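1. Sequence and predicted structure are below.
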Amino acid sequence: MSYIAVIGAGSWGTTLASLLAEKEYDVSLWTFEKEIVETVRNTGMNSVYLPDVYLPANLKITNDLEEAVKNSRYILNVVPTQFTRAVFKNAIPYVPENAVIISASKGIEQGTLLTVSSILKEITGHQIAVLSGPSFAKEVSRKLPTAVTLAAEKPDTGLILQEIFNTHYFRVYTHNDMLGGALKNVIAIASGISDGLGLGHDARAALITRGLAEIVRLGQSLGADERTFFGLSGIGDLVLTCTGPLSRNYSVGMSLGQGMKLKEILTATKSVAEGVATALSAYELSIKQGVEMPIVEQIYEVIYKEKSPAAAVTMLMNRTLKSEF
């Protein structure tokens, strides 16, 4: 069986590592946090990020990056976007030459404005794949039906990874376009703000729809296939993240809409809300590409300019009238 390293033991990384270990693959889960290693070894669960879920006995956990990756055929990145570069710079001396790197993190790096798959390609030069789609860790860990997309540079690799990840409850489709879910977290914050302000279902549906239009415009400017955004990694992931209470980004937006300050919201949780950092990157990328993204712009101003959510809504509703398409 293939040796698989999962880098990042948050809720999603732990869930995917557990799924793979249950399929009897030889899996090593890496985390920076020593206390998580000790907790998993002593209790059989990651009580910090995935409480009440017992992990397979054959799942190994370590905070030694060399140990995790040195024999890996497949390396699954589940590190938050803004930390991916640092972690993989440290890992690359130990990564085998034939290793395939799969990313399950979504976002845009600040400064470089690169997606996670592009960061990994730049640092490692290895073959890259992307796993994305509407998937909450807590639901996958309960083995509730889930469907995702596996996009790979090489079709043969995509078919192999499809078999590796697919289970009776986790259905995997293949694709060849790796630009899909990078911006959905920013729109999820907007959706949460809307609900936090009590603006109703009409407003939320409009935000999701117009948010998708912005994502498609930016994606196409970067060379993505328009169809990608109408699949699982596009609208599928977007709808889930914008409507599900398990979404960290939606929850951040909800709290902002209810009047809480961003600093106190982020201090209250150990989980990373990717949309906060990505809002800045997405705004800067939209300017660089010359793409109009009014929702992204307003979320950027709410988060980084302390604009009131209500004022952001007013700005969006009073823009110059135009045709939808």
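-> That came in fine, so what should we check first? Numbers count the residues shown, from 1 in each chain.
2. From V100, how far off is E66?
-> Distance, E66 to V100, using C-beta to C-beta, to the nearest Å: 19 Å. C-beta: built from backbone N, CA, C; applies to glycine.
3. neighbour count winner among these two?
-> More neighbours surround V100 than the other of E66 and V100, with 21 against 13 (other C-beta atoms under 10 Å).
4. Could you list which residues are in contact with the closest residue to G107 other than its chain neighbours?
-> Leaving out its chain neighbours, the residue that sits closest to G107 by C-beta to C-beta, 6 or more residues apart in numbering is T81, at 3.2 Å. T81 sits next to S105, K106, G107, I108, E109, V116, I119, E274, A277, T278 when contact means C-beta atoms under 8 Å, 6 or more residues apart in numbering.
5. Where do the strands of the stretch 151-300 of the chain begin and end?
-> Under the criterion DSSP state E, counting those that start in this stretch, the stretch 151-300 of the chain carries strands at the ranges 170-175.
6. on that earlier part again, would you format the contacts of T81 as CSV with pLDDT, neighbour count and distance to N77 included?
-> Formatted as CSV, those follow (pLDDT from 0 to 100; neighbours: other C-beta atoms under 10 Å; distance: C-beta to C-beta, whole Å):
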residue, pLDDT, neighbour count, distance to N77
S105, 94, 30, 6
K106, 90, 26, 11
G107, 91, 28, 12
I108, 93, 29, 15
E109, 95, 20, 13
V116, 95, 28, 7
I119, 96, 23, 9
E274, 88, 26, 13
A277, 92, 20, 16
T278, 93, 29, 16
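7. how about those residues in CSV, adding distance to E22?
-> CSV is the format used below for the contacts of T81 (distance: C-beta to C-beta, whole Å):
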residue, distance to E22
S105, 22
K106, 24
G107, 28
I108, 32
E109, 32
V116, 25
I119, 29
E274, 27
A277, 32
T278, 31
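8. so which of those residues comes closest to L144?
-> K106 (20.5 Å; C-beta to C-beta).
9. Am I right that the closest one falls within a strand?
-> No - K106 sits outside any strand when classified using DSSP: H, G, I helix; E, B strand; the rest coil, being coil.
10. Quick one: residues contacting it.
-> By C-beta under 8 Å, 6+ apart, K106 lies in contact with T81, V116, S132, G181, A182, K184, N185, D237, E274.
11. Which of the residues you listed fall within helices?
-> Counted as lying in helices by DSSP state H, out of these, are T81, V116, K184, N185, D237, E274.
12. So in terms of bridging, what pairs with V6?
-> L29, L76 (DSSP bridges).
13. ok, now how distant is it from K60?
-> In terms of C-beta to C-beta, V6 sits 10 Å off from K60.
14. any common contacting residues for these two?
-> By C-beta under 8 Å, 6+ apart, the residues touching both V6 and K60 are V27, S28, L29.
15. picking that back up, tell me the one of the contacts of T81 nearest A147?
-> Proximity of these to A147 (C-beta to C-beta) peaks at K106, which lies at 16.6 Å.
16. For A188, see how far away the closest one is.
-> 11 Å.
17. Next: K23.
-> From K23 to A188 the distance is 30 Å (C-beta to C-beta).
18. Then R210?
-> 14 Å.
19. Just the mean pLDDT for stretch 311-319, thanks.
-> For stretch 311-319, the mean per-residue pLDDT is 96.
20. buried ones in that stretch?
-> Under the neighbour-count criterion of 16 or more other C-beta atoms under 10 Å, stretch 311-319 has A312, V313, L316 buried.
21. who's in contact with it?
-> Contacts of stretch 311-319 (C-beta under 8 Å, 6+ apart): I193, S194, L197, L199, A203, P294, I295, Q298, I299, E301, V302.
22. quick one: buried residues of stretch 19-29?
-> In stretch 19-29, counting by 16+ other C-beta under 10 Å, buried: L19, L20, A21, K23, Y25, D26, V27, S28, L29.
23. Surely the last one is in contact with P56?
-> No - with contacts counted by C-beta atoms under 8 Å, L29 stays clear of P56, the gap being 10.5 Å.
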